[in-house]
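[1] prediction below, plus the sequence it came from.
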Amino acid sequence: MNPALMLLFWFAAMPLWAQTTAPVKAPAKSGQCTACHAADGQSRIPANPILRCQHETYLVSALNAYRNGSRKHPVMNSIANSLQAKDIKILAAWYANQPGCRK
């Protein structure tokens, strides 16, 4: 095979290789999200939003709206009220940056 093609293939495959490394451990508070949104945020329940690959700022904004009551959902209001601001930032960053998310 042509060395230039091999190099091109290697660089093209590198993002795929990077995604196969060991996944980063889920944040401690993500357990509250798992029942409705799945462990990776890719909800399999049509009524529940997919968190995986959402924009980080959107997730922070949504959780803060549940926390301050401007967005109403009894379960989400309760969960958001159990989170600190740092927890919200960590969860939003984790779901926004799952393997395969485009930036």
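    Thanks, I have the structure now. This structure is a prediction, so every number in the text was calculated from the model and none was measured. Numbering: from 1, shown residues only.
[2] show me the contacts for residue 47.
    Listed by C-beta atoms under 8 Å, 6 or more residues apart in numbering, the contact set of residue 47 is empty. In short, each C-beta sits where N, CA and C put it, glycine included.
[3] let's see it at 10 Å
    With contact taken as C-beta atoms under 10 Å, 6 or more residues apart in numbering, residue 47 is in contact with residue 36.
[4] residues contacting residue 35?
    Here residue 35 is in contact with 45, 48, 75 (C-beta under 10 Å, 6+ apart).
[5] make a markdown table out of these and add secondary structure, neighbour count and distance to residue 65.
    Converted to a markdown table, the contacts of residue 35 look like this (DSSP: H, G, I helix; E, B strand; the rest coil; neighbours: other C-beta atoms under 10 Å; distance: C-beta to C-beta, whole Å):
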| residue | secondary structure | neighbour count | distance to residue 65 |
| --- | --- | --- | --- |
| 45 | coil | 11 | 21 |
| 48 | coil | 13 | 17 |
| 75 | helix | 11 | 14 |
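[6] give me the buried positions along whatever helix or strand residue 66 lives in.
    Residue 66 is part of helix 56-68, with elements assigned from DSSP states H and E. Residues of helix 56-68 classed as buried: 59, 60, 62, 63, 64, 65, 66, 67 (neighbour count, 16 or more other C-beta atoms under 10 Å).
[7] can you tell me how far residue 97 is from residue 34?
    Relative to residue 34, residue 97 is positioned 17 Å away (criterion: C-beta to C-beta, to the nearest Å).
[8] whoops, residue 89 was the one
    Distance from residue 89 to residue 34, by C-beta to C-beta: 19 Å.
[9] rewinding a little: among the buried residues of helix 56-68, which one lies nearest to residue 101?
    Using C-beta to C-beta, residue 59 comes nearest to residue 101 of those, at 12.1 Å.
[10] re the thing from before, send me the helix holding residue 66 as PDB with only the CA atoms.
    Once non-C-alpha atoms are left out, helix 56-68 reads as follows in PDB (Å, rounded to 0.1, in the frame of the first residue of the first chain):
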ATOM      1  CA  GLU A  56     -23.400  21.600  27.900                       C
ATOM      2  CA  THR A  57     -24.800  25.100  28.400                       C
ATOM      3  CA  TYR A  58     -28.300  23.900  27.600                       C
ATOM      4  CA  LEU A  59     -28.100  21.100  30.200                       C
ATOM      5  CA  VAL A  60     -26.800  23.600  32.900                       C
ATOM      6  CA  SER A  61     -29.600  26.000  32.000                       C
ATOM      7  CA  ALA A  62     -32.300  23.200  32.100                       C
ATOM      8  CA  LEU A  63     -31.100  21.800  35.400                       C
ATOM      9  CA  ASN A  64     -30.900  25.300  37.000                       C
ATOM     10  CA  ALA A  65     -34.500  26.000  35.700                       C
ATOM     11  CA  TYR A  66     -35.700  22.800  37.400                       C
ATOM     12  CA  ARG A  67     -33.800  23.700  40.500                       C
ATOM     13  CA  ASN A  68     -35.200  27.200  40.800                       C
END
